[in-house]
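Colleague: what's the 3D shape of this:
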Amino acid sequence: MNTCHRTARALALSQGHHPALGAAHTDLLTTGQVADFLGMSPRTLAGWRARRWGGPAWIKCGSRVRYRKADVMAWLEAGKRQGGDV
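Modeller: Next up, the predicted model:
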């Protein structure tokens with residue numbers, strides 16, 4: 001089992017999911033998937049990670065970077081503004 005699968009399994013178990021009930025790794029998104037969803041370049045996300053600037057929380061799986069769907073949605077929600085907000 002590689003590092004990414006161990007991380008995904010540990011994450012799923014910590015959230016009360018059992019691998020036998022479904023693929024735990026489906027909650028994890030690639031940088032490309034998140035970039036497409038947000039309408040930005042994968043390089044923008046990579047830059048934020050490198051500079052530790054904003055952006056959604058991410059997980060390192062061996063040499064790969066993954067984002068939890070819940071973290072991406074929480075990051076978007078935290079940036080929500082009402083009319084007149086600056």
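Colleague: Which single strand of this protein contains the most residues?
Modeller: Under DSSP state E, the strand in the chain containing the largest number of residues is strand 64-68.
Colleague: could you point out which element follows that one?
Modeller: Scanning forward in sequence from strand 64-68 by DSSP states H and E, the next helix or strand is helix 69-78.
Colleague: isn't Ser54 right next to Gly47, touching?
Modeller: You called it Ser, but residue 54 is Gly. No - look at Gly54 against Gly47 with CB atoms under 8 Å: they stay out of range, at 10.4 Å. Using the backbone N, CA and C atoms, a C-beta is placed for each residue, glycine as well.
Colleague: Of these two, give the one with the bigger neighbour count.
Modeller: Gly47 (12 against 9; other CB atoms under 10 Å).
Colleague: any idea of the mean pLDDT for the one helix or strand that one maps to?
Modeller: Counting by DSSP H and E, the element that carries Gly47 is helix 42-51. Helix 42-51 shows a mean pLDDT of 92.
Colleague: give me the low-pLDDT residue ranges for the protein?
Modeller: Applying pLDDT under 70 to the chain flags residues 1-26, 84-86.
Colleague: Report how many residues lie close to Thr44.
Modeller: By other CB under 10 Å, the residues close to Thr44 number 13.
Colleague: Test my guess that it contacts Ala35.
Modeller: Yes - when contacts are counted by CB under 8 Å, Thr44 is listed as touching Ala35 (7.1 Å).
Colleague: follow-up on the earlier one: report the angle between the helix holding Gly47 and strand 64-68.
Modeller: 100 degrees (axes from the mean of the first three to the mean of the last three CA atoms, to 10 degrees).
Colleague: which parts of the helix or strand just after helix 42-51 are buried?
Modeller: Moving toward the C-terminus from helix 42-51, the next helix or strand (DSSP H and E) is strand 59-61. Within strand 59-61, the residues that count as buried by 16 or more other CB atoms under 10 Å are Cys61.
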